[in-house]
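Peer 1: structure for the following, please:
(chains A and B)
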Amino acid sequence: MHRKTKKRVRTAKPKAQRFAATVELEPGAPSDLELMKGIQDEDADALSQLYDRYSGILKALILRVIHNEAEADDLLQEIFMEIWNQAKNFSAQKGKPLGWMVTLARRRAIDGLRKKQAYARAEERLQNETEQQPDAWVHNATEEEIVLSDTRVLIRKVISGLPLAQQQAIDLAFFRGMSQREIAAKTNTPLGTVKTRLELGLKKIYDRLKELKDEL
Amino acid sequence: MSFDEFQNQSRLYVIGALEPEELEEFERARQKFGKKAEEFITECYGLHEAFALSLQPAKASAAIKERLMSMVRTRKQT
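Peer 2: Residues are numbered from 1 along each chain as shown, chains lettered A, B, ... in the order given. Prediction:
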């Protein structure tokens, strides 16, 4: 098994604290930052641990963009290889390791989607999927996933609190890499309205997440 | 552009949703607001993390990990 659950434990903490922690670690387990430093020093075991911790999240993100299991696996491998190769460019001053990895994975996934000119195929698949489709990926949860699920529930609650039109605009921009004009064309909505939806929706999410962190 | 407007634009910027004409103005404001602007943009990248964490984690293949680790170890040896 590639997943190591021994370093993740679930503890009873307030929701806001669970949100900020993202993945809780046993005492002595390396932090994400320590793992990144290890990778910068070419420690393969650090990469292995980071893979165990975040491959599920990154693969979910890739799948959300490209909707193809086999391509997602290939891309996931390429992304972790890039994490290994580009680790020296990571700076803790510019954000957290997970944020850096997600940014990198999203860019690669959207690039992959465009390069393969797979928009049409993805569109078809997307239309065949319901909003609950991610539930199809459910498998036996490991302990770290249970902890993550608390975070996920919290974030989804914030997102689902937005009007549907705002959710849709953000979804198309973030997960499909669409510009405002592309979203306007796809949803048959005036460009100004798309911009307003994105601005309002992102502000609400940003403010709410900030409040949750500040509650600590 | 006021800093409030810059904040709105920053959130669009980090998800790549600024149109080319907005991007130019954004970059000018970014220069104008300097360190404060960079710190805010860094904060906005937290949205990426949040969107990723909103998803149900997918099952990652053990074979992919084996292949990855093999590639990394090979690369280390060369």
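
Peer 1: okay, now residue 70: neighbour count?
Peer 2: No chain specified, so I'll use chain A. The criterion is other Cβ atoms under 10 Å in any protein chain shown. On that basis, A:Ala70 has 9 neighbouring residues. (C-beta placed from N, C-alpha, C; glycine too.)

Peer 1: if you could check chain B rather than the one you did, that'd help
Peer 2: For B:Ser70, using other Cβ under 10 Å, the count is 11.

Peer 1: ok, A:Arg53 next?
Peer 2: 24.

Peer 1: what is the neighbour count of residue 57?
Peer 2: Looking at chain A here, since you left the chain open. Residue neighbour count, defined by other Cβ under 10 Å, stands at 28 for A:Ile57.

Peer 1: not quite, I wanted chain B
Peer 2: Using other Cβ under 10 Å, B:Pro57 is surrounded by 26 other residues.

Peer 1: same check, this time on A:Arg108
Peer 2: Burial of A:Arg108 is recorded as 20 neighbouring residues (other Cβ under 10 Å).

Peer 1: any idea which element it lies in?
Peer 2: Secondary-structure assignment from DSSP states H and E places A:Arg108 in helix A:97-115.

Peer 1: report the separation between whichever residue of chain A sits closest to chain B and A:Ile62.
Peer 2: Relative to chain B, the nearest point of chain A is A:Gly56 (3.1 Å; Cβ to the nearest Cβ). According to Cβ to Cβ, to the nearest Å, A:Gly56 and A:Ile62 sit 11 Å apart.

Peer 1: what about the helices in the chain?
Peer 2: Went with chain A since none was named. Remark: helices assigned in chain A by DSSP state H are A:15-21, A:32-40, A:44-66, A:69-86, A:97-115, A:119-128, A:143-160, A:164-176, A:180-187, A:191-214.

Peer 1: if you could check chain B rather than the one you did, that'd help
Peer 2: B:3-14, B:20-44, B:46-53, B:62-77.

Peer 1: now those helices in a markdown table, with mean pLDDT and distance to A:Thr151?
Peer 2: Listed next are the helices of chain B as a markdown table, based on pLDDT from 0 to 100; distance: least, Cβ to Cβ, whole Å:
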| stretch | mean pLDDT | distance to A:Thr151 |
| --- | --- | --- |
| helix B:3-14 | 95 | 20 |
| helix B:20-44 | 94 | 18 |
| helix B:46-53 | 91 | 5 |
| helix B:62-77 | 88 | 23 |
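
Peer 1: pick the most buried one from these.
Peer 2: For these, the stretch with the most neighbours on average is helix B:46-53, a mean of 23; neighbours defined as mean count of other Cβ atoms under 10 Å in any protein chain shown.

Peer 1: now do it and helix A:44-66, the angle between them.
Peer 2: Helix B:46-53 and helix A:44-66 are oriented at 80 degrees to each other (axes from the mean of the first three to the mean of the last three Cα atoms, to 10 degrees).

Peer 1: for A:Ser160, which residues are in contact?
Peer 2: When contacts are counted by Cβ atoms under 8 Å, 6 or more residues apart in numbering or on different chains, A:Ser160 is found next to A:Gln167.

Peer 1: also A:Ala46?
Peer 2: Under the criterion of Cβ under 8 Å, 6+ apart, the neighbours of A:Ala46 are A:30, A:34-39.

Peer 1: the same query, at a cut-off of 7 Å, please.
Peer 2: Each residue near A:Ala46 by Cβ atoms under 7 Å, 6 or more residues apart in numbering or on different chains is listed here: A:35, A:38-39.

Peer 1: ok, now B:Gly16?
Peer 2: For B:Gly16, the contacting residues are A:Gly177, taking Cβ under 7 Å, 6+ apart as the criterion.
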